[in-house]
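3D model of this:
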Amino acid sequence: MIFLFNILMILLVVVRRFKIGLGLKTPSPDFWAPVGQLTFSMDAEDKVNLLAHIVPRFGSENSDQNVALETFITGLKPTIAVVKSKCNELSDADATLVASELAASELLVPGRSTKEEFAAWIGELTDEELMDYAKARKSVREEASAELRTMKEEREAEKKRLEDTKKKFEEQVEKARKERTMVFNEKTGKMEEITK
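Residues are numbered from 1 along each chain as shown. Down below sits the predicted model:
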């Protein structure tokens, strides 16, 4: 029973963090408010994806994880600025997406990169490398959209095929009722000719 209670409490905390991250609850001024302000231009789907990186990092008793969260929030704004300066042709939403995902993948994991190492790495990335990342990231959504369209088309085709089959069956039943010359007699258990 205690185990179930603990799981329920963890789920409630996770839901609360997602609500804060999505702006559905008042954000904390030290973390969630800056994240919301810096990522306001991102699409909702991309924000949820970013939250999936961030939310599991909370509630850890590991001090290194807390430092990683602080490093992420302090490094996010400069990372967005660097990506925007290198890739003028990217929209604000796409530049923020690239920057936030790169920062999340490197800074949220304790021990992966220090702030200095991450800054040096971001500084060394070329605009072409950043654009390639943005294109790869966008292609995931485009492929998913294409697969969804294909699935919907296949579902509609199957629905139409089933409707056509049902209609054909109903027509055959109606034709049989009109043209049949024999009927099964339940009393005798035999087929008998219909007299018209």
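
Going by C-alpha atoms from here, please, whenever you check contacts or count neighbours.
Noted.

mind listing the helices for this protein?
2-21, 32-38, 44-54, 63-86, 92-107, 115-124, 127-179 (DSSP state H).

so which of those is the most packed in?
Between the helices of the chain, helix 92-107 has the highest mean count of neighbours, a mean of 22, where neighbours are mean count of other CA atoms under 10 Å.

Give me the residues contacting that one.
With CA atoms under 8 Å, 6 or more residues apart in numbering as the test, helix 92-107 has contacts from 38-39, 41-43, 46, 50, 53-54, 68-69, 71-72, 75-76, 79-80, 83-84, 87, 112-115, 118, 130, 133-134.

how does it look with 7 Å?
Residues outside helix 92-107 that contact it (CA atoms under 7 Å, 6 or more residues apart in numbering): 39, 41-43, 46, 50, 53, 68, 71-72, 76, 79-80, 83-84, 112-113, 134.

returning to that earlier point: so for Thr195, which of the helices of the chain sits nearest?
helix 127-179 (12.1 Å; CA to CA).

Pull the distance from that closest one to the chain's centre.
With CA atoms, centre = their mean, to the nearest Å as the basis, helix 127-179 stands 20 Å off its chain's centre.

so what secondary structure elements neighbour that helix?
In this structure, helix 127-179 packs against no helix or strand, with contacts taken as 3 or more CA pairs under 7 Å, 6 or more residues apart in numbering; DSSP states H and E.

pLDDT on that helix, on average?
Averaged across helix 127-179, the pLDDT comes to 90.

and the angle for that helix with helix 63-86?
Here helix 127-179 runs at an angle of 90 degrees relative to helix 63-86 (axes from the mean of the first three to the mean of the last three CA atoms, to 10 degrees).
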